[in-house]
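In: Based on what follows, work out the 3D shape:
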Amino acid sequence: MEEASNQNINDLPEELLLRILTFLPTLDSIQTSLISQKWRPLWSRVPSLNLPFELFPSYEPPLDTRQFFAEFIDRVLILRSNSPIHTFRLSFIYHDHYGSHVDSWVRSAITHLHARELHLDFFIHKDFHDEETLNHKYDFPFSVLRNGYVENLCVTRCDLTLPTKMSTMRFCSIGSMYLDQVYLTDQIMSDLILGCPNLEALELQNCWGHHHLKICSTRLQKLVLGYFYDSELQETLVIDCPNLFSISFDCCAFDKFVLKNALSLVEFHVDIVHLIDGSYCYWSKVVRLLGQAPNVKHLNVQNWWFKDRLSEELLNKPVDLSMSSLKQVTMKAYTATEDELNFLKILIGQGVTLQKIVLARTQVGEEGQIGERSLPLVVLYREGSQGWKCSWTLYPATPHSIDSEL
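Out: Numbering: from 1, shown residues only. The predicted model follows:
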């Protein structure tokens, strides 16, 4: 019998220990310095800083928690070496009182630590806010990015302070941008795209301030838009990105959608906010968008528009959904209603190009409400001249009923 190994965690290579610490919040990685002498300096060499306010020990009154958290970050940045990091991740409930603190943290992450990814979340969750905090927003100094190497920028609930000549400046390192709860006028959007010539991925969530939004870029490949609700101003959206590969709409209700030069578009995702009186209107706009993207191969839909019966007038309207390049469709929140089965028949009529339909099923409550629990996937696939076949994992009832209908 081989002798039991006497090795312990201290015998692991430093490179592996640093890798382990990257998965921990910075506060926890600092506490590992108490393990042994070998661990003491490791936290300062971890190639990331993860500073979540929501995981910081709470104090009473809550204002003390913010003060202690700010002092903690100040101390971390003083004690840590200036060796480059890959990721700087901060969440905080902002107040103007801490403006100088946050400015110093952001500048340190960009100019001293040369972070490649910068994540700033000043919302966290609504439970962290009251009337006072909602009146305070951090002004992100966009120009400081000129002094760093940030490739992936993610900011939540702050304002963007752009340089005066933003459209003529070149923030060439930025390839991906995520903006959530950001005041975004038409001009700001235009300046951001012109000032970031290498931007390839853009995600906008819960943004406001726009009226006639134009997203025009020859470099952009992936675009995600979420929670854009139409107003009395009849907002419009124009997308002109000839190299766009993937597009996603999640609860978007613009009065007018325009999609130009979409020959490169192969992935199309859409979740439509369910409005009893307006769902069909928005869905019909999406169908028209699909008509401008003839090479779409993967269609991912959230079928909320099937949750209520359509009127006889709408049911009798002809369905024009001809997509000659479509290879795969995913239907989320699938509950096997009659209307959903009818939609499946429409999809199968797309021709021999369509090879696969994925049904992401969702549990239905006793009163017909849609539950949060997802069920195993059902996959319909074309099998040559034999037509469509079905596969599933644990719940055969739904696939059998679908197979018999088809």
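In: number of nearby residues for Glu338?
Out: Residues within reach of Glu338, counting by other CB atoms under 10 Å, total 10. Every residue, glycine included, has its C-beta placed from N, CA and C.
In: All further residue positions should be reported with the first residue as 355.
Out: Got it, the first residue is 355 from now on, which makes the last one we talked about Glu692.
In: what's the domain layout of the protein?
Out: For the chain, automatic domain parsing gives the domain ranges 528-650, 658-663+673-760.
In: Select from those domains the stretch with the lowest mean pLDDT.
Out: If you rank the domains of the chain by mean pLDDT, domain 658-663+673-760 sits at the bottom with a mean of 69.
In: Please, where are all the helices along this protein?
Out: 368-375, 380-385, 416-433, 453-461, 540-549, 633-645, 666-669, 692-702, 751-759 (DSSP state H).
In: To Arg399, which of the ones you listed lies closest?
Out: Closest approach to Arg399 among the helices of the chain (CB to CB): helix 368-375, 6.0 Å.
In: buried sites along the closest one?
Out: Neighbour-count burial for helix 368-375, with 16 or more other CB atoms under 10 Å as criterion, is recorded at 371-372, 375.
In: Can you add distance to Tyr532 and give the helices of the chain back as TSV?
Out: Shown next, in TSV, are these (distance: least, CB to CB, whole Å):
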stretch	distance to Tyr532
helix 368-375	25
helix 380-385	21
helix 416-433	22
helix 453-461	16
helix 540-549	12
helix 633-645	23
helix 666-669	36
helix 692-702	32
helix 751-759	36
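In: Which one of those helices lies nearest to Lys480?
Out: For those, proximity to Lys480 was assessed by CB to CB; helix 416-433 is nearest, at 14.9 Å.
In: and the closest one, how far from the chain's centre?
Out: 29 Å (CA atoms, centre = their mean, to the nearest Å).
In: what is the orientation angle of it with helix 453-461?
Out: Interaxial angle of helix 416-433 relative to helix 453-461 (axes from the mean of the first three to the mean of the last three CA atoms, to 10 degrees): 40 degrees.
In: avg pLDDT for helix 416-433?
Out: 92.
In: Tell me the buried residues in that helix?
Out: Buried, per 16+ other CB under 10 Å, within helix 416-433: 419-420, 423-424, 426-427, 430-431.
In: Same check on stretch 583-600?
Out: Buried residues in stretch 583-600, counting neighbours by 16+ other CB under 10 Å, are found at 584, 589-591, 593-595, 598, 600.
In: same question, stretch 692-703
Out: Result for stretch 692-703 [16+ other CB under 10 Å]: buried residues 693-694, 697-698, 701-702.
In: just stretch 640-654 next, same as before
Out: 640, 643-644, 646-647, 650-654.
In: just stretch 707-721 next, same as before
Out: Using 16+ other CB under 10 Å as the test for burial, stretch 707-721 gives 708, 711-715, 718.
In: Sitting in strands, which of the residues you listed do you find?
Out: Judged by DSSP state E, strands contain the following of the buried residues of stretch 707-721: 711-715, 718.
In: Let's have those residues in a markdown table, adding distance to Ser497.
Out: Output for those, formatted as a markdown table (distance: CB to CB, whole Å):
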| residue | distance to Ser497 |
| --- | --- |
| Ile711 | 49 |
| Val712 | 45 |
| Leu713 | 49 |
| Ala714 | 43 |
| Arg715 | 49 |
| Val718 | 52 |
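In: of those residues, closest to Thr441?
Out: Ala714 (30.7 Å).
In: quick revisit: out of the helices of the chain, nearest to Thr441?
Out: helix 380-385 (10.9 Å).
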